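Participant: requesting a structural model of the entry that follows:
(one chain, ligands or ions: 1)
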Amino acid sequence: MANTNGQSNGFAVHVRNVTKTFGTGEAKVAALKGVDFDARMGEMLMIVGPSGCGKTTLLSVIAGTLAFNGGEIDVFGTPLHGLKDRDVTEFRKKNVGFIFQQFNLIPTLSLVENVSVPLLINGVSRSQAEKKASELLDRLGLAGRGNDRPSLLSGGQQQRVAIARALVHDPRLVICDEPTSALDKDTGGKIMELLRDIGRSPNRCVIVVTHDNRVFKYADRMTEMEDGRVQRVHESYSQYEQKGEH
Ligand SMILES: Nc1ncnc2c1ncn2[C@@H]1O[C@H](COP(=O)(O)OP(=O)(O)OP(=O)(O)O)[C@@H](O)[C@H]1O
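Facilitator: Numbering: from 1, shown residues only. Below you'll find the predicted structure:
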């Protein structure tokens, strides 16, 4: 799907016939059995489905943190299947931000230091990185908290710090694994509104894996997985609800 300027015809992520197995012999598990999947620019897409159906595995191969066995994955027109491991790592550092259920903040670092990490990894100077991190924390409602340690914050505040860390290097793809599972309904709703706004910005895309049916309604589109495959794609949450096949 890549064209000459490195964009991919409206697709942020384009996955075809991707397979992934874990283990060997009797312990072999086929986690992805030929997945076709698309995420568009300017959307927040949710991946839903029963436990063990392959959601996190799909997220990991798209993000370039896990190698896959077969098939093709284009991210913003770059074919991950054609890159060496080292180049996948470089691509990920620049283009992907991550948000997890347990926030994964470093407890011994201040909020500003936590948020600076992706910039430091990309070679930005400490003073520049901390300036940008501090500005982003301000924008996310955490002005004046930059020198605090994460343990002083509520769950919702910690998740906002994690969002700042995921966005600070201006990645085009933001990958979220169960971002609201540790949060109450109202806080989770606010976090999803924020993620949806981020996803809807031009040339960006947010992909969320979640079990949390309290937040399904925030999805722009939904992809249902079952047993290592994408079974259905819904153009909106209301379409997902109406089909009622889940
Ligand atoms: N590192 C691993 N080694 C072996 N098997 C694995 C590994 N990671 C995942 N699996 C297996 O691959 C399958 C898909 O797992 P995956 O975590 O992608 O599912 P999931 O849909 O995200 O599940 P959940 O909703 O419970 O997080 C499962 O059978 C799981 O046990």
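
Participant: what residues does the chain put near the ligand?
Facilitator: 22-23, 29, 31, 49, 51-57, 211 (CB under 6 Å from any ligand atom). From N, CA and C alone the C-beta is placed, and that goes for glycine too.

Participant: what about those, which are in strands?
Facilitator: 22, 29, 31 (DSSP state E).

Participant: ranking by neighbours, what's the top pick from the residues you listed?
Facilitator: The residue in those with the most neighbours, by other CB atoms under 10 Å, is residue 31 (24 neighbours).

Participant: pLDDT score assigned to that one?
Facilitator: For residue 31, the model assigns a pLDDT of 97.

Participant: wait, it sits on residue 57?
Facilitator: Yes - at 4.2 Å, residue 31 and residue 57 qualify as touching, with contact defined as CB atoms under 8 Å.

Participant: sorry, back to before: just the buried members of the residues of the chain next to the ligand?
Facilitator: Buried residues within these, counting neighbours by 16 or more other CB atoms under 10 Å: 31, 49, 53-55, 57, 211.

Participant: report the contact partners of the most centrally placed residue in the chain.
Facilitator: By CA atoms, centre = their mean, the chain has its centre lying nearest to residue 175, at 0.4 Å. The contact partners of residue 175, by CB atoms under 8 Å, 6 or more residues apart in numbering, come to 59, 62-63, 96-99, 207.

Participant: likewise for residue 184?
Facilitator: 155-156.

Participant: quick one: contacts of the helix or strand containing residue 165?
Facilitator: Using DSSP states H and E, residue 165 sits within helix 155-167. Contact with helix 155-167 is made by 97-100, 103-105, 111, 114-115, 117-118, 133, 136-137, 140-142, 145, 150, 153, 174, 179-180, 182-184, 187, 190-191, 194-195, 198, as judged by CB under 8 Å, 6+ apart.

Participant: and what of stretch 130-139?
Facilitator: Residues from elsewhere that reach stretch 130-139 (CB under 8 Å, 6+ apart): 111-116, 119, 124, 143, 145-146, 161, 164, 167-168.

Participant: only whichever of these are buried, select them in ChimeraX.
Facilitator: Applying 16+ other CB under 10 Å to these, the buried members can be selected in ChimeraX as follows:
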select :111,112,113,114,115,116,119,124,145,146,161,164,167,168
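
Participant: fine by me, we can end here.
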